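Q: Provided below for reference: sequence and predicted model.
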Amino acid sequence: MFGVLTDSFKTAINKIRFADDEKSLKKALDTLKKSLLKADVHHKVVKDLLRTVELETKQAGIGQLNFLKSLKTNLNTILSAPGRQGFVFSSKPPTVALMIGLQGSGKTTTTVKLANYLKQRQKKVLIAACDLQRLAAVEQLKQLCEQNEIDLYANEQESNPVKIAKEALKKAKAGLYDVLIVDTAGRLAIDEELMQELGDVNKALDPDEVFYVADSLSGQDAVRSANTFHEKMGISGVILSKYDGDSKGGVALGIASQVGVPLRFIGVGEKVADLELFMPDRIVNRLMGEGDLETLAEKTSAVINEKEAKKLTNKIKKGQFNFNDFLAQMEQMKKLGSMKSLMGMIPGLSSVAGQLKDVDLENSVEMKRIKAMIGSMTQKERENPDLLNNSRKRRISEGAGLSQMEVNRFLKQFKNAAKMAKKFSGKRGMQDLQNMLSASNRQGIPR
């Protein structure tokens, strides 16, 4: 997610690595300045950051450690703004969140992503379709909500968004919903008619949160439009959309300090699960290539059922892992979001994550073939892979439209993987894994 910026920081830090003098500090600061401006960070933000880092590094003593410490501290300051972090629930449900933004910013998709994020955390969420300006906006919401099993309130017979908002709030209260998220109209540009409509909805609902959805691809324009919305309506947070498509990434660094409200979430992919909490200290760690295990742990705990995980571990230990378990695990992985995003949270793997680009394991040719094979099996065969003799394999290969050789290769891989999982699920599992890796290193085998 922050690949370009991370590389820039690493390059700057390396300039001061083996030389503790003012000349090396100047080189590091110059490298940082060029990289940040190129990444579309606002010039004033860059100027203030560099001035403070230079002063603090000189005061503490020029050296890589002091330079890095000052850089991390000041990045944290830039990324922070007065206000809440994450999603804060009202003491009296439902918590009402108003989603506002320009047309094309990804507001409707972000609305569903936020609802899904909350749903994964066991919250009952209702979305209100109040964007009556854009053609097919309500239909888009209907499809997305249906695909992700999220409740929607829509009334296509009503032309007044304020009435729909009030009706949705009534339904949310009666249905004991935890959260009501209201998708509102946008325009290609800010105008009085838009602000009047949003103001009326805002007044009718008195929301707990007003989230401005900013398109990261629009760069500094996203900051300017966020400022305008904040002046006219007052926003409690910014959600940055389409961040996976932003090769520069600098808008995330300056938007909180420039607008004066916290950046709360970032959209990091096309999947509904690709919405991440924005916590300044964690983001700084990722910018430095140190990963973000806290967010990864939160994300997995929200998706993976602890009871089911224990049951699966027991099945693996007993050598009973089957094809149904495999498909269930694939469904769980889908809920975690893109592989690129997940790998970027693991320390040391941010550079590998950058190389993944838009790899979609779920929709890869290999995964489609595997699903076709499993789909051609009977229920008994899925539950007991040992039943698969040659005649059954022939039937499966014909049903999946694949050769028997391909079916045999997959079954062999599945069997080996299940054996390996069983071996490493025991008490000495991690020790056995370390021993295996050590042996491979001694033999010169690449991991």
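A: Cool, the structure landed.
Q: What residues of stretch 133-147 count as buried?
A: 137, 138, 140, 141, 142, 144, 145 (16 or more other CB atoms under 10 Å). Quick note: C-beta positions are derived from backbone N, CA and C, even for glycine.
Q: Please apply the same query to stretch 229-240.
A: 229, 230, 235, 236, 237, 238, 239, 240.
Q: show me what contacts the fourth one?
A: Contacts for residue 236 were tallied using CB atoms under 8 Å, 6 or more residues apart in numbering; they are 83, 84, 209, 210, 211, 261.
Q: In strands, which of those residues fall?
A: 209, 210, 211 (DSSP state E).
Q: what about this structure, any weak spots by pLDDT?
A: Scanning the chain for pLDDT under 70 picks out the ranges 1-4, 17-20, 245-249, 289-306, 309, 333-364, 421, 423-447.
Q: Recalculate using a threshold of 80.
A: 1-20, 39-40, 135, 187-191, 218-220, 243-254, 282-283, 285-321, 326-367, 416-447 (pLDDT under 80).
Q: circling back: list just the nearest of the ones in strands among the contacts of residue 236 to residue 63.
A: For the ones in strands among the contacts of residue 236, the closest approach to residue 63 (CB to CB) belongs to residue 211, at 41.8 Å.
Q: Can you give me the buried ones in stretch 174-184?
A: For stretch 174-184, the neighbour count (16+ other CB under 10 Å) marks 177, 178, 179, 180, 181, 182, 183, 184 as buried.
Q: doesn't residue 180 fall inside a strand?
A: Yes - Residue 180 sits within a strand when classified using DSSP: H, G, I helix; E, B strand; the rest coil.
Q: Residue 58: which element?
A: helix 43-60 (DSSP states H and E).
Q: Which strands or helices does the following helix or strand past that helix pack on?
A: For helix 43-60, the succeeding helix or strand toward the C-terminus, using DSSP H and E, is helix 64-79. For helix 64-79, the elements it packs on are helix 3-15, helix 22-38, helix 43-60, helix 251-259, helix 280-287, judged by 3 or more CB pairs under 8 Å, 6 or more residues apart in numbering; DSSP states H and E.
Q: where exactly do the strands run in this structure?
A: Using DSSP E, the strands of the chain run over 95-100, 125-130, 151-153, 179-184, 209-215, 237-241, 263-267, 275-277.
Q: Paired strands for the second one, with orientation please.
A: This means strand 125-130. Strand pairing for strand 125-130, determined by DSSP bridges: strand 151-153 (parallel), strand 179-184 (parallel).
Q: so can I have CSV of the ones you listed showing distance to residue 108?
A: CSV is the format used below for these (distance: least, CB to CB, whole Å):
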stretch, distance to residue 108
strand 151-153, 11
strand 179-184, 6
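Q: Between those, which one is closest to residue 68.
A: Going by CB to CB, the one of the strands paired with strand 125-130 nearest residue 68 is strand 179-184, 39.7 Å.
Q: Just want the angle from the closest one to strand 209-215.
A: 50 degrees (axes from the mean of the first three to the mean of the last three CA atoms, to 10 degrees).
Q: hang on, residue 370 packs against residue 410?
A: Yes - with contact defined as CB atoms under 8 Å, residue 370 counts as touching residue 410 (6.1 Å).
Q: coming back round to it: looking at the buried residues of stretch 133-147, which one is closest to residue 224?
A: The closest of the buried residues of stretch 133-147, once distances to residue 224 are taken by CB to CB, is residue 137, at 24.3 Å.
Q: Give the closest residue to the closest one in space, chain neighbours not counted.
A: Excluding the flanking residues, the one nearest residue 137 by CB to CB, 6 or more residues apart in numbering is residue 131, at 4.1 Å.
Q: circling back: could you dump the strands of the chain to JSON lines with distance to residue 9?
A: What follows is the strands of the chain, written out as JSON lines (distance: least, CB to CB, whole Å):
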{"stretch": "strand 95-100", "distance to residue 9": "33"}
{"stretch": "strand 125-130", "distance to residue 9": "37"}
{"stretch": "strand 151-153", "distance to residue 9": "42"}
{"stretch": "strand 179-184", "distance to residue 9": "35"}
{"stretch": "strand 209-215", "distance to residue 9": "23"}
{"stretch": "strand 237-241", "distance to residue 9": "19"}
{"stretch": "strand 263-267", "distance to residue 9": "18"}
{"stretch": "strand 275-277", "distance to residue 9": "20"}
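Q: Nearest approach to residue 27 belongs to which of these?
A: Of the strands of the chain, nearest to residue 27 by CB to CB is strand 263-267, at 30.7 Å.
Q: can you give me the angle the closest one makes with strand 209-215?
A: Going by the same axes, to 10 degrees, strand 263-267 makes 50 degrees with strand 209-215.
Q: neighbouring contacts of strand 263-267?
A: When contacts are defined by CB under 8 Å, 6+ apart, strand 263-267 is touched by residues 1, 79, 81, 84-87, 106, 109-110, 113-114, 117, 211, 216, 237-244, 252, 255-256, 274-278.
Q: Using neighbour counts, trim the contacts of residue 236 to the buried set.
A: Buried members of the contacts of residue 236, scored by 16+ other CB under 10 Å, are 209, 210, 211, 261.
Q: Out of these, which comes closest to residue 62?
A: For these, the residue nearest residue 62 by CB to CB is residue 261; the value is 35.8 Å.
Q: Tell me how far that closest one lies from residue 403.
A: Look at residue 261 and residue 403: by CB to CB, to the nearest Å, they are 58 Å apart.
Q: Residue 34 too?
A: For residue 34, the distance to residue 403 - CB to CB - is 54 Å.
Q: neighbour count winner among these two?
A: residue 34 (14 against 11; other CB atoms under 10 Å).
Q: what sits against the more buried one?
A: Applying CB under 8 Å, 6+ apart to residue 34 gives no contacts.
Q: Next, count neighbours for the residue lying closest to residue 270 once chain neighbours are set aside.
A: Nearest residue to residue 270, sequence neighbours excluded (CB to CB, 6+ apart): residue 244, at 7.4 Å. The number of residues packed near residue 244 is 20, by other CB under 10 Å.
Q: Surely residue 244 touches residue 271?
A: No - counting by CB under 8 Å, residue 244 does not reach residue 271; the two are 9.9 Å apart.
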